[in-house]
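Participant: quick check, what structure comes out for this input:
(2 chains)
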Amino acid sequence: GAGVSQSPSNKVTEKGKDVELRCDPISGHTALYWYRQSLGQGLEFLIYFQGNSAPDKSGLPSDRFSAERTGGSVSTLTIQRTQQEDSAVYLCASSLASTRDTYEQYFGPGTRLTVT
Amino acid sequence: QQQVKQSPQSLIVQKGGISIINCAYENTAFDYFPWYQQFPGKGPALLIAIRPDVSEKKEGRFTISFNKSAKQFSLHIMDSQPGDSATYFCAATTAEYNNNDMRFGAGTRLTVKP
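Facilitator: The predicted model follows:
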């Protein structure tokens, strides 16, 4: 079946512009996660959705970052007034459910964001 | 706040050798420890995972060793192959966080030389 998909795969934007990154999770996966991976770095947790609600927004770096999820499926990560330090690969992952036996997260290929 | 510390940052191994990557964690509530493999331009993919009720788990050439008292776990890749060249991330999480807080190590870039 189809895995997690993300779009666009690459995005180049000018400093100060807003960007929207999209994630389509695996069908039926109720949990969805956004991570940021800077060049050569580990994975930085940004936000987590269970269904359409986001119980944990603590990882969002600033109020320029926001995310929503509609219909328990597609999620959009929005970065307003982009800065050069926002340049990174943004990864989305989904998992079947938020229970003890279903920890595995399936990652999408990521969106590489470059802010010039 | 880094709760999972991974080492080394990079590793070069000859084909056929053993690759060893180590991780240490702080939170004793962690009860699930996965390893992810990431190839360039791709998202991470689950490689192997262990729970603290066992000290070792083996899948093919990949083995996780777990030391609960030391709060450490490691990935061993036996008979390393050039195709194993990738970045490896350890991670940890707990049901206490309701699966919303998978803590990742900083990653190890493995290069296996032919």
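
Participant: tell me where chain A has strands.
Facilitator: All strands of chain A, identified by DSSP state E, fall at A:5-7, A:10-13, A:19-24, A:31-37, A:43-50, A:53-56, A:65-69, A:75-79, A:88-95, A:106-107, A:111-115.

Participant: dump the second one to PDB, keeping only the CA atoms.
Facilitator: Once side chains and other backbone atoms are set aside, the C-alpha atoms of strand A:10-13 remain, and they are given as PDB (Å, rounded to 0.1, in the frame of the first residue of the first chain):
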ATOM      1  CA  ASN A  10      11.700  20.700  -2.400                       C
ATOM      2  CA  LYS A  11      10.800  24.200  -1.600                       C
ATOM      3  CA  VAL A  12      13.000  27.300  -2.100                       C
ATOM      4  CA  THR A  13      11.500  30.500  -0.700                       C
END
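
Participant: which one of the strands of chain A has the poorest average confidence?
Facilitator: In terms of average pLDDT, strand A:53-56 trails the rest of the strands of chain A, at a mean of 79.

Participant: for B:Val4, see how far away the spatially most central residue of chain A is.
Facilitator: Compute the mean C-alpha point of chain A, and by CA atoms, centre = their mean the closest residue is A:Trp34, 3.0 Å away. To B:Val4, A:Trp34 is 19 Å away according to CB to CB, to the nearest Å. In short, each C-beta sits where N, CA and C put it, glycine included.

Participant: would you agree B:Tyr88 is in contact with B:Val112?
Facilitator: No: counting by CB atoms under 8 Å, B:Tyr88 stays clear of B:Val112, with 11.8 Å between them.

Participant: would you mind giving the strands of chain A as JSON lines with distance to chain B added?
Facilitator: Compiled in JSON lines, the strands of chain A are given as follows (distance: least, CB to the nearest CB, whole Å):
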{"stretch": "strand A:5-7", "distance to chain B": "8"}
{"stretch": "strand A:10-13", "distance to chain B": "10"}
{"stretch": "strand A:19-24", "distance to chain B": "11"}
{"stretch": "strand A:31-37", "distance to chain B": "6"}
{"stretch": "strand A:43-50", "distance to chain B": "4"}
{"stretch": "strand A:53-56", "distance to chain B": "5"}
{"stretch": "strand A:65-69", "distance to chain B": "13"}
{"stretch": "strand A:75-79", "distance to chain B": "14"}
{"stretch": "strand A:88-95", "distance to chain B": "5"}
{"stretch": "strand A:106-107", "distance to chain B": "3"}
{"stretch": "strand A:111-115", "distance to chain B": "9"}
